[in-house]
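Peer 1: Sequence first, then the predicted structure:
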Amino acid sequence: MAKHYDVQAAETRWQARWIDEGTYQIENDDPRPPYYVLSMYPYPSGQAHQGHVRNYTFGDVLVRFRTMQGFGVLSPFGFDSFGLPAENAAIKGGDHPLAYTEARIAELKASVLRLGAVYDWRREIRSHDPEYIRFNQIIFTHLFKNDLAYRKGGIVNWCPGCQTVLANEQVESDGTCERSHDLVERRSLEQWFLRITNYADELLDALDDLDWPDRVKTMQRNWIGRSEGARITFPVEGAKDLSIEVYTTRPDTSFGATYLVLAPEHPLVDRVTTSLQQGEVERLRALAAQQSDIERQSTEGALEKRGAFTGSYAINPFTKSPIPIYIADYVLASYGTGAIMAVPSEDDRDFAFATIYDLPIIRTVAPPEEFAGGAYAGDGLHINSGFLDGLRIAEAKSRAIDWLESEGFGERSVQYRLRDWLISRQRYWGCPIPVVYCDRDGIVAVPEEQLPILLPQDVEFLPTGESPLKHHPDFLHTTCPTCGGPARRETDTMDTFVDSSWYFLRFTDPFNTVVPVNFDAARHFMPVDQYIGGITHAIMHLLYSRFFTRALGDIGLSPSEIREPFSQLFCQGMIRLGGKAMSKSRGNVISPNDYFKSVGADALRLFHLFVGPPIDDIDWGDQTNEIIDGCSRYLRRVWRLAVDPESTDDAVVSDAKDPAAETALLLRNVHQTIAKVTDDLARYGFNTAVAECMALTNAITRAARTGVDRSTIDEAIDVLLRLLAPMVPHIAAEAFEERHGRHIHKEPWPVADLALAKDDQVVMVIQVNGKVRDRIEVDATIDESEATQLALSREIIAAALEGATPSRIIARPPKLINFVL
RNA sequence: GCCCGGGUGGCGGAAUGGCAGACGCGGCGGACUCAAAAUCCGCUACUUGAAAGGGUGUGCGGGUUCGAGUCCCGCCCCGGGCACCA
């Protein structure tokens, strides 16, 4: 009597067993070669969605595959459990963020367990755990002491929807908040920053050697935005002690600098503005201050209203001529020196501005004959440029800088688009910044032994837009750790990206209660061999993590030789429903739970692996359920083949051929499949790995019908089950146990015997003038002349040649022969 | 505007410069069944042809090559990222 496969029972039984037996627990002194597979830890949003399923399935396949290959695989899981949704829910009258978050974690964890993804759960991290908070705060105080964390006032991004400031990385290019999509405002506030800019060059240069997708590397390069040029000092005419420094990437065009432009917020604006121009300058400053970034960066609108003359002049050090000083909103205070020299002949914006304000335009690079007019940014010979005349751009640049340096008017300078990372948030549900403000001692970091500073539980969540911590006297009022006098506690919490910037290091030894990172464990497992997650984190999380890994190393909290956290990164495609990315905030989520109940986790996993290349986006559409049913059907077929062979024996015989040849064919198939699947899994070719397994299944079915002996078929089935084990772990385990009483996930990965995999008969294609005219089966060792003779002996070929003698014969035995007339 | 991807049957997708369409979905036909479901077997790019066979075909136009989905040049379309950064 055939054994029925009860999907629910089998899947939950194996899931319990992997945990109970600690199959995927790993010790830090494990003697096997280490291998670290990590899926980006999720924000706990409740039930898993298909994006999670996809991510964790890919990771799980690698964990199980590498384990079977003999690696000591570290596969941890955790939750990025601080964040706004929990607090917003509380404000809307829901549970306390803590209760809310833990309930959502429980839901998500249940889905992950039910998917059959395996982790060393002893290592689970939750960002809101007091222990994790403590280490986060210890790291912060070390960053503070090493001057990598600092407090600074200035213009910052304020999201009215989230009621907090944001890092530059969290503002989209259209000036909206990356979370809430509210228009971000500019406010002048004092905030906490981390000095990521100290690492700008290293973060940029190290990208070259990283095995990451090019688009992610490009995005990081653009974000860091290194540019090389010069700072040039322009003395202000008639004011001995006053000069304006500009940054330019084109010092070679300095002879064409016909005016200067300061950002409206530039500190010298007041000093260079004459009383006559006061009104005009004030009008523009007021306008710029109230404008959002989006308006200010718009290229639309009349430039007439966007600039103002200050009334003063500066001396161009190259020409010694006085040039007017303007202010304009298109010059950003935060980049370079907040002031530019305008060269209208070689810069589009300057050209447009100069045209409207009727400022002189002097060409310093000769444009080509056919040039239509306007600003010319291309290469050419310099003109009107004194000692630079006749030079091309590159040479002129370096000569100009040499001159500036020798004359004392400026120097070579490198600028970055990257700004320091603003990490303070005016919200409750995050890691408190462990600092107090004392009237006597100023800003004081809380000593390590007094950490963690935990969030008070007894707070009220009101829709006032202010952090409840500000109104919690017991939290707010404290004593200064230095002088013991009264002090005020910092009420801002950290950006949750801080939590996720080092959790992968913590995973290597989360049991350690003394230090954030255990050096030995980090050296053993780091860097992460395979990091898997969405492209949405291409800049923020991945850049911050690269920065943290370096910074922690440099301040002695982690081994300093570990510079890069993730040696290989894989960004899976999105899942779209109705043309839109599937996400909880859009409410177009398809829960995996229904599929667990109907077809089971294996079928759903198989679908995600098979449907297409993992890097591509997938559309969840009308056909999706049919494909999932097809996956389920395939698995039932494998079950019957492996556990219930009688059902296939019924159909036997009709096809009986030469059993010896068929047996050899099957064996060849088996070993070719092993080679292909092994290769595919190592390079994320999951869809083709599945296809190969299906093809092998077809071959075994046919072999059973054509009289191949039982032992060869059994051998093939056992290989098939082992190849499938990482992808569909439950049914493979159940079938293998049924057949052998052993645990398939403790079996070694099959190794291809290349001698057996070799074809001895192959199909040779015969072409005439590159067109396929015939194909014949030949010996794989056939040589050129044999192949040619054989091909010429074919009637079809003789007919195609029409008696002519080929002028050329391209022979590529045993695959192809091409007669060229 | 700049920088990445991508464009292959009815659909998802395969193809180290060498048989285009593996594998699957859907469809069609058959076997089993009283019947249905399930399962199994076969066919399934387009076109012409009764058939054998022929012709055409990987977004468009050129090129390299004995041979191009694949390499090169120029376009078109789709998706994504960046964009007063001096």
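Peer 2: In hand now; what should we look at? Numbering: from 1, shown residues only, chains lettered A, B, ... in the order given.
Peer 1: tell me the strands in the stretch 451-600 of chain A, going along the chain?
Peer 2: Ranges of strands within the stretch 451-600 of chain A are A:477-479, A:486-489, A:493-494, A:530-534, A:569-572, A:575-577, A:580-581, based on DSSP state E, counting those that start in this stretch.
Peer 1: make that the stretch 251-400 of chain A, sorry
Peer 2: Across the stretch 251-400 of chain A, reading from the start of the chain, the strands by DSSP E, counting those that start in this stretch fall at A:259-262, A:307-315, A:322-328, A:339-342.
Peer 1: Can you give me the buried ones in stretch A:703-710?
Peer 2: A:703-708 (16 or more other CB atoms under 10 Å). Glycine gets a C-beta too; all of them are placed from N, C-alpha and C.
Peer 1: From these, list the ones also adjacent to RNA strand B.
Peer 2: Filtering these for neighbours of RNA strand B using CB under 7 Å from any atom of the strand leaves A:Arg705.
Peer 1: Can you tell me which of the buried residues of stretch A:703-710 is closest to RNA strand B?
Peer 2: Here the nearest of the buried residues of stretch A:703-710 to RNA strand B, counting by CB to the nearest atom of the strand, is A:Arg705; it sits at 7.0 Å.
Peer 1: how near is that closest one to A:Pro468?
Peer 2: A:Arg705 sits 72 Å away from A:Pro468, going by CB to CB, to the nearest Å.
Peer 1: Ok, A:His49 next?
Peer 2: A:His49 sits 30 Å away from A:Pro468, taking CB to CB as the criterion.
Peer 1: hmm, back to that, of the strands of the stretch 451-600 of chain A, flag the one that's most buried.
Peer 2: Comparing the strands of the stretch 451-600 of chain A on average neighbours per residue, with mean count of other CB atoms under 10 Å, the densest one is strand A:493-494 at a mean of 26.
Peer 1: Give the other helices and strands that that strand contacts.
Peer 2: The elements that strand A:493-494 packs onto, with contact taken as 3 or more CB pairs under 8 Å, 6 or more residues apart in numbering; DSSP states H and E, are strand A:424-425.
Peer 1: buried set for the following helix or strand past the strand it packs on?
Peer 2: Beyond strand A:424-425 on the C-terminal side, the first helix or strand identified by DSSP states H and E is strand A:435-438. The neighbour-count criterion (16+ other CB under 10 Å) identifies A:435-436, A:438 as the buried residues of strand A:435-438.
Peer 1: Using TSV, please lay out those together with distance to RNA strand B and pLDDT.
Peer 2: TSV is the format used below for the buried residues of strand A:435-438 (distance: CB to the nearest atom of the strand, whole Å; pLDDT from 0 to 100):
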residue	distance to RNA strand B	pLDDT
A:Val435	30	96
A:Val436	35	96
A:Cys438	37	94
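Peer 1: What is the neighbour count of the nearest residue to A:Gln163 once chain neighbours are set aside?
Peer 2: In space, A:Gln163 comes closest to A:Gly465 once its chain neighbours are excluded; the distance is 4.1 Å by CB to CB, 6 or more residues apart in numbering. The local packing of A:Gly465 (other CB atoms under 10 Å) involves 12 other residues.
Peer 1: what's the answer for A:Val719, then?
Peer 2: Burial of A:Val719, expressed as a neighbour count using other CB under 10 Å, amounts to 21.
Peer 1: before we move on, what about A:Glu172?
Peer 2: What A:Glu172 shows, counting by other CB under 10 Å, is a neighbour count of 13.
Peer 1: and it, what is it in contact with?
Peer 2: Residues counted as contacts of A:Glu172 (CB atoms under 8 Å, 6 or more residues apart in numbering) are A:178, A:181.
Peer 1: gap between it and RNA strand B?
Peer 2: Between A:Glu172 and RNA strand B the distance, using CB to the nearest atom of the strand, to the nearest Å, works out to 6 Å.
Peer 1: How about the contacts made by A:Val73?
Peer 2: Listed by CB under 8 Å, 6+ apart, the contact set of A:Val73 reads A:24, A:26, A:34-37, A:63, A:66-67.
Peer 1: actually A:Ser467, not the one I wrote
Peer 2: A:426-428, A:491-493.
Peer 1: Could you check the pLDDT of A:Asp650?
Peer 2: Per-residue pLDDT puts A:Asp650 at 45.
Peer 1: Please disregard the earlier target; I meant A:Arg285.
Peer 2: Model confidence at A:Arg285, expressed as pLDDT, equals 85.
Peer 1: Chain neighbours aside, what residue packs nearest to it?
Peer 2: Taking CB to CB, 6+ apart as the measure, A:Arg285 lies nearest to A:Pro264, with 4.6 Å between them; neighbours along the chain are not counted.
Peer 1: Phi, psi for that neighbour please.
Peer 2: phi -60, psi -30 (degrees, to the nearest 10).
Peer 1: Show the contacting residues for the residue nearest to A:Ser75 when sequence neighbours are not counted.
Peer 2: Counting by CB to CB, 6+ apart, A:Ser75 lies nearest to A:Val63, which is 4.4 Å off, once chain neighbours are set aside. By CB under 8 Å, 6+ apart, A:Val63 lies in contact with A:24, A:37, A:73, A:75, A:117-118, A:726.
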